[in-house]
Every structure is written in structure tokens, then in C-alpha cells.
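A.B. asks: Sharing a model prediction with you, sequence too.
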Amino acid sequence: MSASPLLDNQCDHLPTKMVDLTMVDKADELDRRVSDAFLEREASRGRRITQISTECSAGLACKRLADGRFPEISAGGKVAVLSAYIYIGKEILGRILESKPWARATVSGLVAIDLAPFCMDFSEAQLIQALFLLSGKRCAPIDLSHFVAISISKTAGFRTLPMPLYENGTMKCVTGFTITLEGAVPFDMVAYGRNLMLKGSAGSFPTIDLLYDYRPFFDQCSDSGRIGFFPEDVPKPKVAVIGAGISGLVVANELLHAGVDDVTIYEASDRVGGKLWSHAFRDAPSVVAEMGAMRFPPAAFCLFFFLERYGLSSMRPFPNPGTVDTYLVYQGVQYMWKAGQLPPKLFHRVYNGWRAFLKDGFYERDIVLASPVAITQALKSGDIRWAHDSWQIWLNRFGRESFSSGIERIFLGTHPPGGETWSFPHDWDLFKLMGIGSGGFGPVFESGFIEILRLVINGYEENQRMCPEGISELPRRIASEVVNGVSVSQRICHVQVRAIQKEKTKIKIRLKSGISELYDKVVVTSGLANIQLRHCLTCDTNIFQAPVNQAVDNSHMTGSSKLFLMTERKFWLDHILPSCVLMDGIAKAVYCLDYEPQDPNGKGLVLISYTWEDDSHKLLAVPDKKERLCLLRDAISRSFPAFAQHLFPACADYDQNVIQHDWLTDENAGGAFKLNRRGEDFYSEELFFQALDTANDTGVYLAGCSCSFTGGWVEGANRTPCNAVCAIIHNCGGILAKGNPLEHSWKRYNYRTRN
């Protein structure tokens, strides 16, 4: 039996005013007030409802649903009217309130959805994703600031969308109703107010794999200047730190502030900083070539904590592709991408598709996988449970995909984000060239899909900055800090550690010179290759458990090469040339960097070659920097001669004004950074949590970016030292500050699931 014509027409004739709930700012109160509004509207129908009930054998009554959405309006078992919500901006709400009757207001084409504005297990970003998938229209948060609660006839057309599964196995299904005046879809506007769904915070937020935010802990400890201390009657340990990179320096510094007096740092090279290495040119010391880390996203909250502590927080935007004028060369054809604009038309499909994926997620068969933007929003708003469950679904479904196969699955499937199916290999090659924001990702296409996706969700691909002073100024300032009358740098011994072994209750360090020293605790921040080959830590299970040894031995270290050229002038400014060039030849990515913006006549700096993996490996065959520069310059000149003609060192001095480095052949590194292959994320888990495993504490702890979930980013090199220091203080009877990572209840993932 169909619904009554009276019901279908009632909404346009009822004179009852909408209830104004704009002053309500608490979710539970809004829940109650909206419920009351629907109940009051039901009562106001009076005799008319009775008449409708007689015709369709169904009255109107409200019942609350268990999941927090507003109840259906029903009688007995037959539902005639459902509740839903139209999400709109303040301006549209004003138009609705000014129009009469309300049912004829400017709402045509909008989608009403059965998610209530007081629903706390759904974020604003998820709402944006759901509305796009239901309507095909994109919304910004400002477009969803308010809501109108409506009752709508069950005869209205609807679409149900399955959202991510939760740990208890339930499915979040969202139903949308398209409002079309032409079809006379019956609906009744009941109340309006502000959307109180979870919104992102402006402060720091945890990364997706950890769900623990280290920045508040560091901030909290700033007042006392230490993350822990030792009572007077507790003996303090003798500690060795292997490696004077940023991780080793942070470990030593924090231990000294906690009161540990006997700390020795062993560094195999003749400098400090590790992969925070800024080369200053002799004739222009303010111009620095970042041989290691060079891009620093604001989402690296712990890094910025230390930058602020040591007076280095003044950053400038890094000239990533599209943020500055960018020259694209594909198959010998040149394209110009103007700063802040859409890329050339040839690249639109991959550019729009990737950005649609970030906002809309992926709709596959039986489920919608949460969008990266929605997961980030959940992290920002503190909705840790939903973020965890959404990420676990990505791990379950894409954990064994490479970045290449994951992209193929998403953009060659039946529901490609952006609405256009990509072509192979044409769009593949375009995407490899353009990348996801910080340049081409072609060389790492065979890395794990999850490894790349986590960088996006963690915000590391957004608003990347460069350090004007050179990032190695941070380890230099940490090393120069004086604690208890002695600087950290005075505790550094520049000698190679050849072996680390257990000796009864102590740890024996054997140096290259043959000398051995005994320590109570040892923190190892070396590269994974040295941990395995030089320190011999994975030969047995006396120090690390077998899964940790496996992770050290098998984790993939990425090869990377850089070649910098200091030029006589900033030629790209003189001749109005693009400051970024992306190519599909051997010179993959070229960046023009200005470290003296206040001096238009100052020296220029060009990162003429920044390559990874196979592209880097090829260059190893040309170890001479002058010869390598000539090869790169010739490659660029074939497509961009106006640019290439300026690629000569200042004063024709190849020795002083050209510098290169290959991280794979660096004997103290053995690679640039850890980048997991598909299905190997559990290696990161083993390495990161090793120091926090109090049940298997042997006195040796791992730290460093390669022992984190974010290899290659300084952030991991700042968090893992905190783990190691907390473990030492705790194990030796010290007292840790509240909120430390050891006492945190970690919500772990299952990284070993299969697709």
C-alpha cells in the first residue's frame, strides 16, 4: 500500500515554524532538543495526522535509534516518514529562513542524510566524503556549518552507502535523500542549528600508526626541563649512545637533563648531525646545500618543538612543484605549470584523480574506505577509535599492495576517484613524473602502498618548509648546550663502534681501535646496515628478540643521490625562469633555492639532481662530480636549453661549488632512509616498539628514523629517542613525567593481515 496523498502534500502546508537551535553548542543537549522538536511537530499535526493514519494505516511516532541518529517517524511496524538532515552553510540557511514557504526554499539538489549533527562517532571530514559519494558535489567545511532537520516521506528516492567496518563487526550505513522540488518530494522542515560533528583541532595530533601525540608530552616537560629524574638514593646508569645524529644527540641531552652524569656518544664520522647535514659553501657561507633532510612539514610536531627550543623556528616554504612556476618535460615535450594554478591539461586526469582520492576515499565493492583527509581529521579531532579502525581496514585491504598496484586498483577500478579511469601506461607515467606534491614518486612505485599513504595521512606532504640557517644548525646547537658544566659535544668520541655484546649484567662496546668499554645501558641510533654488519647485534638473540633481528636485517633502505651547484647569480630570477623542473630523463627533479632572498645579487643554489632508488643507482656509475654534472646538464639542455646554459659553478670552481653525495655508498649510513616494501609494515612495528618492550629489556635500545614508522623524516628521529630515554630512566629506578610513552596504552594494529 502506498503512502497517503495527504502525507505527500502535508509538508508544504503545515504552518508550524522551525525550531531555532543555533544557540545549542553541546552534542547531548542538541540530541535532546532535536528529539523534542520532532515530537512537538508530531503533536502539532493533530487531527491531520489522524486523518493520514486512517488512510495509510500508519501513524506518526518517534523512537530513538541506538546508534545516535534521530529516530524514524513511525507507527507500529510501518514507517511513513523518516528523519534526515540537510547540511548547509550559514548563507544558505539565511535564504531558507527568509523564504516562504520553507519547503520551497533554495534546497533543490541538496542531499538530506540520516546522520545527525550531534553524532560524535562521525567527523566533519567523513560527512564531506559521504555527501560527495551520495551527491557528486564537493563541499568545504564552511558549507556544512549548519543543518536543517527534516522529516521526509519514505517514498522519496534514497541511496544507502556502506561506510567502514568497526572492530565489533558492525557496518556504518549512511542513507541519503536527494531533495528535488520538481518531483514534489514531500518533506517537512522541523528545526535548524549548528553542526556539532567533530572538527579538527589547530594543535598537534598523533600519527596514524602510533595514535599517541609526543608533542604534548614534550611541552609538558618543558617547565621542568626534563622528562624524568632519579631520586637521590637511586644510582644512575653509565650510558653509551652510538651515533651523533639528531637521535643520538637528543638521547644524550635528555639523559643529562634527567641527571645521568656518565654519558658517552660514539660517532664514526668527523661531524655531528647524521642525515641533518647542511653543507656551507666557502665563498657564501649563508648558502647551504641540504645533503640529507631538507623538507620539513609543520606536522612534524616534535621536530618543531626542538626547532623552537633552540631558536630555529623561522622557516620558509620549500619550492615544491606547483607551488612555484614548474617546468614539466614528458617524452620530450615541454609544459609550463604556473604557480598556484592547475597543471597543464595533459596532467588533469591524474592531478584531479589523486586529489579526489584524498578527499573522497575509495569505494570498492562492499565498502567505502575512509578518505585520507577524513582520517587526518579524525586524528586532529581526537576520534582515535575511528581513525584506528579506518586505518586497520586500509591495512587489511591494501597492506600487500605496492604503491604501483594500489594505484592501479584504485584508479583502474569501477569507481575511480575523480570519475575518470586512468590509462596504462600513459597516466602511470604522468603520475610518476608529477608525484603527490613533493615531486615524482616513480622510483618508489614498488614501495608499499601503505608506506606512502601514511605520509599523506600524517600531513607530511603538506606545507613543507626549508630551514634558512640549514637544518644541521639544530644538532649543532643541541651539541653545544652545556649541561652540568659540560657541553654535549664534549662527550662525543669520534671513533667507530665495531661490536656491541652482552657481558653478564653489562653491555660491552668494542671500538675500532681495539679498546673495549663496559656500560649499563646502550642506545643504538646507527643505520640498520651498521647495526647488522658492524655492531653484529643480530647474530643471536642475546640482545634483541628474533622478530627485531629480522626487521633490522630485512628492512629496505632506499638509495638516494643529490648533487648541488652554487651559481654566480640567481639566474632563474634574472631571466624569469621556473624554479622547479620535473623531467622523465636522468635529471628527475631540479630545484632552485634562494637562501639570501634579501640580496638580489647573491649566489644561487640549484639542486640539479635529487634521485631515489634505481635513478640513484644508475648515477653511482659516474662517481666523479664534474662528469656527473656535465651529464645532467646535457640531459636538461636537450629539453630546456635556456635553463641548462646557466648550470655552471660560480667562478668555474667545480671543487668548491659543486657537491654531491650518494647515501647508499656512505659507509656510515648504508642508504638514505627506510622505506617499507609491500607487506613489511610489521618491521616498523618491531623496530619502533623495541625500546618500549619492558618485558624483554636487555639494556640495549634502538632509536632513529629507520626505527620508526616514518623513515626519512626527522620526526621519527625525535620520537624514538624519547622511547629509549624513558626506558632507561624507568628500568634504572628513575621517575618519569606523567603522560610518557611507557605508561601509554598503545592501540596496536595487525600489520600481518592479507588482502
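C.D. replies: Done, it's in.
A.B. asks: Compute the distance between the closest residue to Pro578 other than its chain neighbours and Lys570, please.
C.D. replies: Computed as CB to CB, 6 or more residues apart in numbering, the closest residue to Pro578 that is not its neighbour in sequence is Asp325, at 3.9 Å. (Each C-beta comes from the backbone N, C-alpha and C, glycine too.) To Lys570, Asp325 is 14 Å away according to CB to CB, to the nearest Å.
A.B. asks: So if I had to pick from these two, which one is more boxed in?
C.D. replies: Each of Asp325 and Lys570 has its neighbours counted (other CB atoms under 10 Å); Lys570 has more, 24 against 21.
A.B. asks: There's contact between that one and Pro600 in this structure, I believe.
C.D. replies: Yes. Using CB atoms under 8 Å, Lys570 is in contact with Pro600, at 7.3 Å.
A.B. asks: which one is the residue nearest the centre of the chain nearest to, not counting chain neighbours?
C.D. replies: Computing the C-alpha centroid of the chain and ranking residues by CA atoms, centre = their mean puts Asn458 first, at 1.6 Å. Once flanking residues are discounted, Asn458 sits nearest to Thr207: 4.7 Å by CB to CB, 6+ apart.
A.B. asks: pretty sure the residue nearest to the centre of the chain is touching Ile208, no?
C.D. replies: Yes. Asn458 lies in contact with Ile208 (CB under 8 Å); the separation is 6.1 Å.
A.B. asks: Surely Val523 is within a strand?
C.D. replies: Yes. Per DSSP: H, G, I helix; E, B strand; the rest coil, Val523 lies within a strand segment.
A.B. asks: Next up, the contacts around Ser489.
C.D. replies: Neighbouring residues of Ser489 by CB atoms under 8 Å, 6 or more residues apart in numbering: Val272, Ala479, Ser480.
A.B. asks: List just the nearest of those to Asp213.
C.D. replies: Ala479 (27.1 Å; CB to CB).
A.B. asks: ok, the closest one - how many residues close by?
C.D. replies: Ala479 has 21 nearby residues by other CB under 10 Å.
A.B. asks: contact partners of the host helix or strand of it?
C.D. replies: In this assignment (DSSP states H and E), Ala479 forms part of helix 473-480. The contact list for helix 473-480, computed with CB under 8 Å, 6+ apart, reads 244-246, 249-250, 253, 272-274, 276, 278, 306-307, 310-312, 467, 487-489, 492.
A.B. asks: after it, next one along is what?
C.D. replies: In N-to-C order, the element after helix 473-480 by DSSP H and E is strand 482-483.
A.B. asks: Which strands or helices does that following strand pack on?
C.D. replies: With contacts defined as 3 or more CB pairs under 8 Å, 6 or more residues apart in numbering; DSSP states H and E, the packing partners of strand 482-483 are helix 246-257.
A.B. asks: State the paired neighbours of the helix or strand following the helix it packs on in the sheet, together with their directions.
C.D. replies: Next in sequence after helix 246-257, counting helices and strands by DSSP H and E, comes strand 263-266. Strand 263-266 has the following sheet partners, assigned by DSSP bridges: strand 239-242 (parallel), strand 492-493 (parallel).
A.B. asks: what's the single longest strand in this structure?
C.D. replies: Across the chain, the longest stretch assigned as strand under DSSP state E is strand 78-88.
A.B. asks: Give the buried residues for the helix or strand following that one.
C.D. replies: Going down the chain from strand 78-88, the next helix or strand is helix 90-98, by DSSP H and E. Within helix 90-98, the residues that qualify as buried are Ile92, Leu93, Ile96, Leu97, counting by 16 or more other CB atoms under 10 Å.
A.B. asks: Please state the mean pLDDT value computed over the longest strand of the chain.
C.D. replies: Taken as a whole, strand 78-88 carries a mean pLDDT of 77.
A.B. asks: Same question for stretch 404-422.
C.D. replies: For stretch 404-422, mean pLDDT rounds to 94.
A.B. asks: mind listing what's buried in it?
C.D. replies: Ser404, Ser405, Gly406, Ile407, Arg409, Ile410, Phe411, Pro416, Pro417, Gly418, Trp422.
A.B. asks: which residues in the stretch 201-350 of the chain form helices?
C.D. replies: With DSSP state H, counting those that start in this stretch as the criterion, the stretch 201-350 of the chain has helices at 214-222, 246-257, 301-309, 348-360.
A.B. asks: Would you mind telling me which of those helices is nearest Ala672?
C.D. replies: In terms of CB to CB, the element of the helices of the stretch 201-350 of the chain nearest to Ala672 is helix 246-257, at 14.8 Å.
A.B. asks: Quick one: distance of that closest one to the chain centre.
C.D. replies: 26 Å (CA atoms, centre = their mean, to the nearest Å).
A.B. asks: Taking helix 301-309 as reference, get the angle to that helix.
C.D. replies: 60 degrees (axes from the mean of the first three to the mean of the last three CA atoms, to 10 degrees).
A.B. asks: Output the contacting helices and strands for helix 246-257.
C.D. replies: Checking 3+ CB pairs under 8 Å, 6+ apart, helix 246-257 ends up next to strand 239-242, strand 263-266, helix 473-480, strand 482-483, helix 714-731.
A.B. asks: For it, list the C-alpha coordinates in PDB.
C.D. replies: Extracted in PDB, the C-alpha atoms of helix 246-257 (Å, rounded to 0.1, in the frame of the first residue of the first chain):
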ATOM      1  CA  ILE A 246      69.800  14.100  15.800                       C
ATOM      2  CA  SER A 247      68.600  10.900  17.600                       C
ATOM      3  CA  GLY A 248      71.800  10.300  19.500                       C
ATOM      4  CA  LEU A 249      72.100  14.000  20.500                       C
ATOM      5  CA  VAL A 250      68.500  14.100  21.700                       C
ATOM      6  CA  VAL A 251      69.100  10.900  23.700                       C
ATOM      7  CA  ALA A 252      72.200  12.300  25.400                       C
ATOM      8  CA  ASN A 253      70.700  15.700  26.000                       C
ATOM      9  CA  GLU A 254      67.600  14.300  27.700                       C
ATOM     10  CA  LEU A 255      69.600  11.800  29.800                       C
ATOM     11  CA  LEU A 256      71.900  14.600  31.000                       C
ATOM     12  CA  HIS A 257      68.900  16.800  31.900                       C
END
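A.B. asks: before we move on, the earlier item: buried deepest among the helices of the stretch 201-350 of the chain, which one?
C.D. replies: helix 246-257 (a mean of 27; mean count of other CB atoms under 10 Å).
A.B. asks: can you list contacts of that one?
C.D. replies: 225-227, 239, 241-242, 263, 265, 267, 272-276, 306, 474-475, 478-479, 481, 483-484, 488, 491, 523, 525, 703-705, 714, 717-718, 720-722, 724-725, 728.
A.B. asks: any idea how far Val19 is from Leu131?
C.D. replies: Separation of Val19 from Leu131 (CB to CB): 24 Å.
A.B. asks: Who has more neighbours out of the two?
C.D. replies: Leu131 (23 against 18).
A.B. asks: Could you list the low-pLDDT ranges of this protein?
C.D. replies: Low-confidence segments of the chain (pLDDT under 70): 1-16, 45-80, 100-108, 164-171, 180-186, 200-202, 754-755.
A.B. asks: Now the longest strand of the chain: buried residues?
C.D. replies: Quick answer for strand 78-88 (16+ other CB under 10 Å): Ala80, Val81, Leu82, Ser83, Ala84, Tyr85, Ile86, Tyr87, Ile88.
A.B. asks: Spatially nearest residue to the fifth one, not counting backbone neighbours?
C.D. replies: Read that as Ala84. Ala112 (3.8 Å).
A.B. asks: Run a quick neighbour tally on the one you found.
C.D. replies: 28.
A.B. asks: for it, what are its contacts?
C.D. replies: Ala84, Tyr85, Ile86, Ile150, Ile152, Gly176, Phe177, Thr178, Ile179, Phe187 are the contacts of Ala112 under CB under 8 Å, 6+ apart.
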